[in-house]
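Asks: pasted the sequence and its predicted model underneath.
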Amino acid sequence: MQLNDRTTDARRALTAATLALLGGASVPGAHAEERSWDIDTAVLVYSESDGRVQAVEPVMKGTLDLGGERLFTTKIVVDTLTGASPNGATPASTPQTFTGASGGTGSYTTPAFETPLDDRFKDTRVQGLLDYQFPLSADGTLGFGVTGGKEYDFLSAGASLRYSHDLFQNNTTLSAGFSFESDQIDPVGGVPIPLAEMLASGGDDDGQGEDGPEGEDDDDPDGNGREDGRSDSKTVTDMVFGWTQVLSPRSLMQLNYSASLSRGYQNDPYKILSVVGADGEPITYVYEARPDSRMKHALYGRYKRLAFNRDVVDASYRFMTDDWGISSHTVDFGYRWYFAAHHYLEPHLRWYTQTAADFHRVALYDGEQLAVEYASADPRLGAFDAWTAGVKIGSGQRAGGTWSARLEWYQQSARVEGVPAQAAEGLSKFDLQPDLSALMLTLGYRFKW
Amino acid sequence: MSRGDIHVAAVADGGHAGRFRAMASPCEVLVDGAPAAAVAELTRIAAAEVWRIEAHWSRYRDDNIVHAINTAGGAPVQVDDETARFLDYAQQLHALSDGCFDVTSGVLRRVWHFDGSDRIPDAGAIAAVLPLVGWQRVRWQAPWLQMPAGMEIDFGGIGKEYAVDRALQRLRAATTLPVLVNCGGDLAASGPRRDGSGWRVGVEIPDRKDVPVLPLARGALASSGDAHRFLLKDGIRYPHVLDPRTGRAVTGGPRTVTVRAASCTEAGVLSTLALLHGSGAESYLQSCGADAVVWW
């Protein structure tokens, strides 16, 4: 189809006459200039039980149709996190005091027999996205975007490129995408030295003051296990190949393969491990150490079907495996029930399970910190199962926007693995990986502007 | 499906299409992201509007304004607001097209019978009816229309496209979801689908087995062609495209012209005028900057 911008006076007169016939400016879309933004807004409230992480996340996405199937999209996400997060240490029979983790100065004390939580966890994260997509040919669409993110101690920038191609009268769509992201992490107090001892308590009072560069590591003049002022970085490269197929007038399926390679600094600079004796009580604490690269492969399959000429069944499965030894399975099922012409109710159930990373350890036995290459007590790298159950209600309002509300409950149960054998009995009196539950509420509103 | 019925069926992308018949064509309403019940409700809104326009301007009825005009016998007829707007439009089109577009040309049907035969009317027969064709013979001073006895007006050439635009306006007022209205291949969409993609519109070309698919994000598509209505004599195809100035069929033109424009009405006018330009269809479309596909 040829596009010709040249418009003669006769054509302009015809357009004007047609507009007058159809009610002038009251014909939306008749003016190419009359572009409107499609605005999608949502706010997510995430609340973990027992005063752990609380998050509020407003999202705003605007899409501008530039005509000719060219779309410009911009998105901004703000995350506000507060609450407490496990620092990786095991419980102890006596109160434990920690310093020097997130939040900078100050210390916090965990009562006996409780999982140490760093309650100074507080962060605001802002992420932005700019994206543009346009037709490259009758069947091909190219899109590219840039992203940027900023947190208190974290800066990221990325770019992505994707292409999709329609085949067989648009019954088949093949797509490929590539993205690259570069992250800079600048932890409070500098990057910890992997497996170096963390000051358990007392800050500078242990005699290794800031003026006494007597630490064993030249990069750590104050001997607190952190390389003062030093930051680190990582890069993440992602690739995804997708195939979407219309199976019948009522069903379609989607298959994706994705690969992700993360290189550079993988540690969580605020996570530690307890080094325990045979009695299971902590002797000291060391910073975690993860390999400096992680390769992930994932397969994703989805099936969507129209039911009873009215509802939508949506089922998906995802398998992920990485070179850290983590494998996960996700099974997701949703059913959108249109109980009225403009309203739907959508129950949703998800089951997730993952194996632990090879180096995941609940704690290290005294001396092991000198022998192991990698170790992390981060529960997110441990073995666990999780259920998510929820329901969403939504509407398409007349002559207004559409709204939706979703309430979900998340329950995670850890399978305790990675307990040092020599301290197993001593540690058995503690709840090493307590279950986690969370409530999520998402409110969405979409409108034209 | 008879007049007055609508029917909702599932379609390929998992959505629904509401269907009805109007203006001798199958009509369809597509709503992206609405369940069957909502599609049915919206289809009723669109169908009511299309049926209203059909009843208002059909030349096959004896209870409407067109019948009153065509049987006035030379007397002035007072018309309603909507008809007045349409006559204003017809007058502008007649001027803009140098007389190519003429709502009084329907009288030529008395001598041209596009039944697939080789019966081309002779010059005498054409000359006999030609005095009854020509907007320049009409006195139009809104709201009064006066035509010489025997002349007729016919909105058939553009009424369907107008009905599509009107139906879409009604749907826009009723829903924010992306919608598309299609009456016999003339169609208009409110905007891209919810995922940002355009609608994929298959265009039926006579004697072609494949159905070319054109993308449409917003705006409208209208096609004009001789489809099955033509005469064939001495190897020359006389399509159902009559030049109101000569009373003769325009030969040597494309089989089908599909135009994409902001409104279905505008697209329909451009595709009709392109056919009237015969072998010069493409250069005509180009000269007026039309976004069009021409099939020969």
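Replies: Great, that's in hand.

Asks: pull the contacting residues for the closest residue to B:D186 other than its chain neighbours.
Replies: Among residues not flanking B:D186 along the chain, B:A222 sits closest, at 4.4 Å (CB to CB, 6 or more residues apart in numbering or on different chains). No exception for glycine: its C-beta is placed from N, CA and C like everyone else's. Applying CB atoms under 8 Å, 6 or more residues apart in numbering or on different chains, we find B:A222 in contact with B:E161, B:G185, B:D186, B:L187, B:T258, B:V259, B:A261, B:C264, B:A267, B:G268, B:L270, B:S271.

Asks: also B:R110?
Replies: Per CB under 8 Å, 6+ apart, neighbours of B:R110: B:V129.

Asks: point me to the residue of chain B nearest chain A.
Replies: Relative to chain A, the nearest point of chain B is B:P35 (3.5 Å; CB to the nearest CB).

Asks: where in chain A is pLDDT low?
Replies: Within chain A, the stretches falling below the threshold (pLDDT under 70) are A:1-8, A:24-35, A:100-106, A:120-121, A:169, A:199-224, A:228-229, A:309, A:341, A:396-400.

Asks: which residue is it, in it, that comes closest to chain B?
Replies: Closest point on chain A to chain B, by CB to the nearest CB, is A:Y338, at 3.5 Å.

Asks: which element is that residue on?
Replies: strand A:327-340 (DSSP states H and E).

Asks: which elements pack onto that strand?
Replies: The contact analysis (3 or more CB pairs under 8 Å, 6 or more residues apart in numbering or on different chains; DSSP states H and E) places strand A:327-340 against strand A:311-322, strand A:343-354, helix B:36-57.

Asks: how far does the first one sit from its chain's centre?
Replies: Using CA atoms, centre = their mean, to the nearest Å, the mean C-alpha position of strand A:311-322 is found 17 Å from that of the whole chain.

Asks: repeat for the second one
Replies: When distances are taken as CA atoms, centre = their mean, strand A:343-354 is centred 18 Å away from the chain's centroid.

Asks: that older thread, for the residue of chain B closest to chain A, grab phi and psi.
Replies: Backbone torsions of B:P35, given as degrees, to the nearest 10, read phi -70, psi 170.

Asks: contacts only, for it.
Replies: Counting by CB under 8 Å, 6+ apart, B:P35 makes contact with A:R310, A:D311, A:Y338, A:A341, A:Y344, B:H16.

Asks: now do the helices in the stretch 1-150 of chain B.
Replies: Along the stretch 1-150 of chain B, counting by DSSP state H, counting those that start in this stretch, helices occupy B:36-57, B:65-70, B:81-96, B:123-129.

Asks: do you have the helices of chain A handy? List them.
Replies: A:9-21, A:368-371, A:424-427 (DSSP state H).

Asks: quick one: the first one to helix B:81-96, angle?
Replies: The reference is to helix A:9-21. 180 degrees (axes from the mean of the first three to the mean of the last three CA atoms, to 10 degrees).

Asks: quick one: helix A:9-21 to chain centroid distance?
Replies: On the basis of CA atoms, centre = their mean, helix A:9-21 sits 52 Å off its chain's mean C-alpha point.

Asks: packing partners for it?
Replies: If contacts are counted by 3+ CB pairs under 8 Å, 6+ apart, helix A:9-21 sits against helix B:81-96, helix B:264-276.

Asks: angle of the longest one against helix B:36-57?
Replies: The reference is to helix B:81-96. Angle, helix B:81-96 to helix B:36-57, by the same axes, to 10 degrees: 70 degrees.

Asks: any part of helix B:81-96 near chain A?
Replies: Yes - on the criterion CB under 8 Å from any CB of the partner chain, helix B:81-96 is in touch with chain A at B:R85, B:F86, B:D88, B:Y89, B:Q92, B:L93, B:L96.

Asks: can you flag the buried ones in those?
Replies: Listed as buried from those are B:R85, B:F86, B:Y89, B:Q92, B:L93, B:L96; burial here means 16 or more other CB atoms under 10 Å in any protein chain shown.

Asks: quick check: the two most widely separated of those?
Replies: Largest separation among these by CB to CB: B:R85 and B:L96, giving 16.3 Å.

Asks: which strand residues bridge the most centrally placed residue in chain A?
Replies: With distances taken as CA atoms, centre = their mean, chain A has A:D79 as the residue nearest its mean C-alpha position (11.2 Å). Applying DSSP bridges to A:D79 gives these bridge partners: A:R125.

Asks: does B:A47 touch B:M23 like I think?
Replies: No - if you go by CB atoms under 8 Å, B:A47 and B:M23 don't touch, sitting 11.3 Å apart.

Asks: where along the stretch 151-296 of chain B do the helices fall?
Replies: Using DSSP H, counting those that start in this stretch, the helices of the stretch 151-296 of chain B run over residues B:156-174, B:264-276, B:281-287.

Asks: which of the ones you listed is buried the deepest?
Replies: helix B:264-276 (a mean of 27; mean count of other CB atoms under 10 Å in any protein chain shown).

Asks: hang on, the earlier thing: B:A47 and B:M23: which is more packed in?
Replies: Counted by other CB atoms under 10 Å in any protein chain shown, B:A47 and B:M23 do not tie: B:A47 has more neighbours, with 24 against 19.

Asks: tell me the contacts of the more buried one?
Replies: Residues near B:A47 by CB under 8 Å, 6+ apart: B:I6, B:G18, B:F20, B:A22, B:C27, B:V29, B:A167.

Asks: point out where chain B drops to low pLDDT.
Replies: B:1-4, B:12-14, B:206-209, B:226-229.

Asks: just want the most central residue of it.
Replies: Most central in chain B under CA atoms, centre = their mean is B:I158, positioned 3.7 Å from the mean C-alpha point.

Asks: which residues touch that residue?
Replies: If you count contacts by CB under 8 Å, 6+ apart, B:I158 has them with B:T265, B:G268, B:V269, B:T272.

Asks: residue contacts, A:R162?
Replies: Contacts for A:R162 (CB under 8 Å, 6+ apart) come out as A:L142, A:G143, A:F144, A:S175, A:A176, A:G177, A:F178.

Asks: rerun at 10 Å
Replies: Contacts here follow CB atoms under 10 Å, 6 or more residues apart in numbering or on different chains; on that basis A:R162 touches A:131, A:133, A:141-145, A:175-179, A:240, A:242.

Asks: just the buried members of these?
Replies: A:D131, A:Q133, A:T141, A:G143, A:F144, A:G145, A:S175, A:G177, A:S179, A:V240, A:G242.
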